[in-house]
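Novice: only geometry, no sequence info:
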């Protein structure tokens, strides 16, 4: 009896679940569906939560303040990935039937997964400053965008910063530069570029890999650093690795202003972990931190204060939160652009690609949307899906991120040939189809 | 009443030793196969195909592999994820070195590479037992995972360390790569799973399977009976890793379609597959399917099914509740039936046999 | 030839030429070893008394640490927060015994092992729901844990020693002494040992198994709390820490699942071994070998002593 009851109820539950899965809600006319793949759980949640909040809150603010974009309401749906590739594909498969205009995978692994799939399904992927560096080549990857900078741009900007601080590129000769990185594809990304630069400028490159299982157990890595005594260290880390690295650096009396993190190592929590010792820690950045911008204040007014956001109030304006805002701004501006080009309110994924390809965010435009001084102007083209835009070095002053350098260009000349060959390799390895999508003229 | 063997007489030894000696079983398996081959592809949506059925089949295959080792031979392994990885990387290398040969050949061949690595890491099992062995297999897990990241030859010196899968076809239909439809991938996978399950079923019911079980039940006794422990244990490791390797290759090529492979075969994967085997039922092939269904489909149903039927759950909270629910269900099932879902299935069959007169 | 030199000779040349770094490496290894041992200790306690291989121990460390931090955030003073966390760990032990262990009594080991996976899942979901996913800082000052470091000039160089590491070693030593006293001298401790020897015999002399299990799981909870504080003070407490906790497993097979001194010695051997290996031989292989080296060290020992350094000898009968 007990068993039968149990079997029946299980069968019923499975059936209910299965039928529910097949039902897809109908789509109303003037709506734009934007799925946000976010991760608020898992070992990397500390970086994921503020980004997810920032992305959600900006789009929500547009809905609340302006009624959407160009009269079309944005339907925001978060899908939890836990930074897990498997769940990421699930999210992609479950949302791609609802006419999404763009995907934000928010994980290098998920992006790599999505590149072939989304290209075949003809849905743009916006992997903002992560993912596959080579996807900056619009001719090879018409559906993939990774503005405003690639990891290679980042690493080259770091070298430029080192050169500026030591008095010129010729002073790089004989220097020891270390790369502490997560021992995974994401962390290894800058190695190729740094090796090329080390040959050119004559500095010595030292690698310090940190296994994902030892993110919080970096004792021996820092022993190696103490032995090698590098002059500068670039940190390509993620999640729990960053606060530990900052803490270890402080413990080992490494000069903090010579430890520069990639933009993903620039969370407030990352630096805060080091306590007083973290003062001076640097991180590359392509947008400003803080709340002194009309756009952030609008978010506070229309979203956070009304209780429509999940974010704690004091986290608004933190670095990674603002990064989410910046990401959503790119989405929103591309949608607006796509509406202008297509003349439709509810744009399609195809329109969105055109919108992204002719995205041109000028200083004037930044001012209009309340982001004057928040970010550098950026421009994408059909060929260049990245822009290789300006970055700056942010510095931790003990309580918040402040500007530690002027906006500077990455070493574009060094990055471009590498991108070119990487894109070619990719196309060759995958029998990648040549681009058939025509470029938008006159934008 | 529905499940009666009365009146079915065996007149030859082979028919008595058949895997499905009862007519109802044969009908049942026919129905299941018909469901799998005809009804599911006809009626299921793309999402169900690619996010429910394909993962389920891949995990079933891996679970069968681990069940051979843990369920039938009694050797616990926590390295299944890494062995799957070996299969995936071997398949990738073979595919890029010999691009002309059909991918299905390489998916199956990859299993042999995995088997070889499995034998290597199975050697300590001759001296170590129980949980000590389980932890020892973790050495394989971590070492192989390190290799996947650290040996660039394995991923053809790709800058992002990813396996990249171009389109591959069978009779002109793309079965691998971004242009392959879920149906095509599903059919290929289903054929592989059916054939390998059939082989596994023959293995475990035959002489080899019996020697595995003898080793499991008491290895010293088995040795005294003339079973060579070395050969038997290593064979179990080899066969188990073969299945895991094929499952890994299928996972990368038919399900994921390439990507950051080193991360896909991490320690959690190994644990998940062990869950499946234990929840499904140790030493039961059908249990492997039940376990895979339970562990791989349940979270998906909870995550996407509940919101669809109107239970409002948002991203993170849902994820947390899924964790709690899955954990709770694991404990619940262990308490209700420690011998796994396969045992429940057996009880069910027994009930059907007796129904409607239980005495 | 060159390769042989690099593997066999060069590391030792380095050790001699920079003896201060050698001493520093050993020290780092010892400290890491103490922390591994603290986690391993939790495993051993539970395995000894109930034969359960408690996979949830790593998660318990995270959970205990986060509970403590949450109580401090609520404004409780350090001692009160500590007491409250202990109460939570006791409740956890109680509910695990009642809900999981009692219905599963007399089941095969692997089933109980599996059940602890279930516990891990529940703790992850529950913990993330309550505490959120961010890594949290342990307020070291509130627990009078020293901060900063001092340097000892030695052999022409210096060795930098973190005060918190010294504190960790001292606390671990105290803890082991306390556990030793508890096991050897108290009534409950003796009952625990009796249970470890034989469940049936213990039951027949009137020892309540249920009660004993609550006590061991609670003891493991206390060990987890201490481990959580120490790891938290060194880096921070986050859910990624449960992966580090896996490092306790090679310690266990090295030291034996049932031996408390084994966990300590095993932890130290693994800690020193992997730091030396990573520091001197790691660069030859591109670094990062720490993630698997510990397992190979343990495997090497196991081939000679399959029951671990201090484990009980397995005698098999037919």
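Specialist: Nice, thanks for sending it over. Keep in mind that this is a model prediction, so the values were computed, not measured. Numbering: from 1, shown residues only, chains lettered A, B, ... in the order given.
Novice: Under a three-state scheme, what state does residue C:147 occupy?
Specialist: coil (DSSP: H, G, I helix; E, B strand; the rest coil).
Novice: Okay, it and residue B:178: tell me how far apart.
Specialist: Distance of residue C:147 to residue B:178, given as CB to CB, to the nearest Å: 54 Å. (Glycine included, C-beta is placed from N, CA and C.)
Novice: With neighbour numbers in mind, choose between these two.
Specialist: residue B:178 (21 against 15; other CB atoms under 10 Å in any protein chain shown).
Novice: quick one, what contacts the more buried one?
Specialist: Neighbouring residues of residue B:178 by CB atoms under 8 Å, 6 or more residues apart in numbering or on different chains: A:116-117, A:119-121, B:167, B:257.
Novice: Tell me the one of those residues nearest residue A:412?
Specialist: residue A:119 (25.5 Å; CB to CB).
Novice: Looks like the closest one contacts residue A:140 (just checking).
Specialist: No. Using CB atoms under 8 Å, residue A:119 is not in contact with residue A:140, being 9.9 Å away.
Novice: can you give me the strands in the chain?
Specialist: Using chain A here. A:31-38, A:73-80, A:125-126, A:144-145, A:176-182, A:204-210, A:232-236, A:259-261, A:282-285, A:360-361, A:378-379, A:392-396, A:401-403 (DSSP state E).
Novice: Hmm, no, I was thinking of chain C.
Specialist: Using DSSP E, strands in chain C cover C:149-154, C:157-162.
Novice: and residue A:352, how far is that from residue A:94?
Specialist: 20 Å.
Novice: More neighbours: the two, which one.
Specialist: Between residue A:352 and residue A:94, counted using other CB under 10 Å, residue A:352 has the larger neighbour count: 28 against 24.
Novice: Redo the strands of chain A as CSV? Include distance to chain B and mean pLDDT.
Specialist: Output for the strands of chain A, formatted as CSV (distance: least, CB to the nearest CB, whole Å; pLDDT from 0 to 100):
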stretch, distance to chain B, mean pLDDT
strand A:31-38, 6, 88
strand A:73-80, 4, 86
strand A:125-126, 12, 90
strand A:144-145, 12, 89
strand A:176-182, 10, 91
strand A:204-210, 8, 89
strand A:232-236, 13, 92
strand A:259-261, 20, 91
strand A:282-285, 19, 90
strand A:360-361, 27, 87
strand A:378-379, 23, 86
strand A:392-396, 25, 90
strand A:401-403, 25, 88
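Novice: rewinding a little: of the contacts of residue B:178, which pair is most distant in space?
Specialist: A:121 and B:167 (14.1 Å).
Novice: Of these two, which one has the most company?
Specialist: residue B:167 (19 against 16).
Novice: Leaving out sequence neighbours, find the closest residue to that one.
Specialist: Take residue B:167 and drop its neighbours on the chain: the residue closest to it by CB to CB, 6 or more residues apart in numbering or on different chains is residue B:177, 3.5 Å away.
Novice: how about the one you found, what does it touch?
Specialist: A:116, A:430, B:165-168, B:257.
Novice: gap between it and chain C?
Specialist: 32 Å (CB to the nearest CB, to the nearest Å).
Novice: List phi and psi for that residue.
Specialist: Torsion angles at residue B:177 (phi, psi; degrees, to the nearest 10) stand at phi 110, psi 180.
Novice: For the residue in chain A that chain C sits nearest to, list the residues it contacts.
Specialist: Closest residue of chain A to chain C, CB to the nearest CB: residue A:45 (2.6 Å). By CB under 8 Å, 6+ apart, the contact list for residue A:45 reads A:39, A:82-83, C:128, C:132-134, C:239.
Novice: Go through chain B and flag its longest helix.
Specialist: The longest helix of chain B (DSSP state H) is helix B:182-205.
Novice: now do chain A
Specialist: Under DSSP H, chain A gives helix A:319-342 as its longest helix.
Novice: Spatially nearest residue to residue 271 (excluding sequence neighbours)?
Specialist: Just so you know, I chose chain A. residue A:396 is the one closest to residue A:271 (CB to CB, 6+ apart), at 4.0 Å.
Novice: Please refer instead to chain C.
Specialist: residue C:33 (2.4 Å).
Novice: still on that earlier bit, what's the closest of the strands of chain A to residue B:214?
Specialist: Of the strands of chain A, nearest to residue B:214 by CB to CB is strand A:204-210, at 45.6 Å.
Novice: So which bits of the stretch 51-200 of chain C are right by chain A?
Specialist: C:128, C:132-135, C:137, C:149, C:160, C:162 (CB under 8 Å from any CB of the partner chain).
Novice: So among those, which ones count as buried?
Specialist: C:128, C:132-135, C:137, C:160, C:162 (16 or more other CB atoms under 10 Å in any protein chain shown).
Novice: In helices, which of these fall?
Specialist: residue C:128.
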